[in-house]
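K.L.:
take this sequence and fold it.
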Amino acid sequence: MPPGGKKKKKGKKKPHVTKRRLRYRSLNEDYAQVKCLYGDRRVEVQISGKGLRKAHIPGRFRKRMWINKDDWVLVQYRTCDVREDSFCDIVHLYTRNEVRKLEQSGEIQMEKDLEQEDFLDLGTEDEGSLEEIEDEIPQRGEIEYPSSFTPSASEEEEEN
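P.N.:
Residues are numbered from 1 along each chain as shown. Here you go, the predicted structure:
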């Protein structure tokens, strides 16, 4: 008799992955990176070259597409409000591969971390300045403590 009923083991469902076309910006749209999540479908985005702005996640993305910090999105400006600090709407969420393609084509520019740049700059210093720093570091026994940290005579006798 063939297996059947509730107890039959089913195969694992494979995710349905379709290759989608890369969406470029058009009129009244810009690329942006999510900087802060406020909740209630509101986020703060860094629009490339234009500063920070608050954005709204539309209901069609709700529970279908999760937006996290540092994700790249395509935002559309609201035509009814011409203020610079007005809300904009998120139109499209980019995957990592799509972000890499946009960066290679020159559409977006990834910002480097300042910490990484500072770390790279340390290696370019001349050796003379490093030797001067090493001379300033006190050697063992040369550290001078304030009077409040010096042990009293009774404490010295207890240690001996």
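K.L.:
now for the chain, the helix or strand with the poorest mean pLDDT.
P.N.:
Scoring the helices and strands of the chain by mean pLDDT, DSSP states H and E places helix 114-122 at the bottom, with a mean of 50.
K.L.:
name the element residue 31 belongs to?
P.N.:
Using DSSP states H and E, residue 31 maps to strand 29-39.
K.L.:
tilt between the following helix or strand past that strand and strand 29-39?
P.N.:
Next along the chain after strand 29-39, taking DSSP H and E as the criterion, comes strand 42-47. Angle, strand 42-47 to strand 29-39, by axes from the mean of the first three to the mean of the last three CA atoms, to 10 degrees: 140 degrees.
K.L.:
avg pLDDT for strand 42-47?
P.N.:
Strand 42-47 comes out with an average pLDDT of 95.
K.L.:
ditto for stretch 67-79
P.N.:
93.
K.L.:
pull out the buried residues from stretch 27-35.
P.N.:
29-34 (16 or more other CB atoms under 10 Å). (Each C-beta comes from the backbone N, C-alpha and C, glycine too.)
K.L.:
run through the helices of this structure in chain order.
P.N.:
96-105, 114-122, 127-136, 153-159 (DSSP state H).
K.L.:
before we move on, back to that, who does the strand holding residue 31 touch, helix- and strand-wise?
P.N.:
strand 42-47, strand 51-56, strand 72-77 (3 or more CB pairs under 8 Å, 6 or more residues apart in numbering; DSSP states H and E).
K.L.:
deepest-packed of these, please.
P.N.:
Stretch with highest mean neighbour count among the helices and strands packed on strand 29-39: strand 72-77 (a mean of 20; mean count of other CB atoms under 10 Å).
K.L.:
possible to save the helices and strands packed on strand 29-39 as CSV with distance to residue 85?
P.N.:
Formatted as CSV, the helices and strands packed on strand 29-39 follow (distance: least, CB to CB, whole Å):
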stretch, distance to residue 85
strand 42-47, 11
strand 51-56, 7
strand 72-77, 12
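K.L.:
any idea which of those strands gets closest to residue 22?
P.N.:
Closest to residue 22 of the helices and strands packed on strand 29-39, according to CB to CB: strand 72-77, at 10.8 Å.
K.L.:
then the closest one to PDB, C-alphas only?
P.N.:
The C-alpha trace of strand 72-77 is given here as PDB (Å, rounded to 0.1, in the frame of the first residue of the first chain):
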ATOM      1  CA  TRP A  72      19.700  50.400   0.000                       C
ATOM      2  CA  VAL A  73      16.300  51.500  -1.200                       C
ATOM      3  CA  LEU A  74      14.800  53.500  -4.000                       C
ATOM      4  CA  VAL A  75      12.700  56.400  -2.600                       C
ATOM      5  CA  GLN A  76      10.200  58.500  -4.400                       C
ATOM      6  CA  TYR A  77       9.600  62.200  -3.500                       C
END
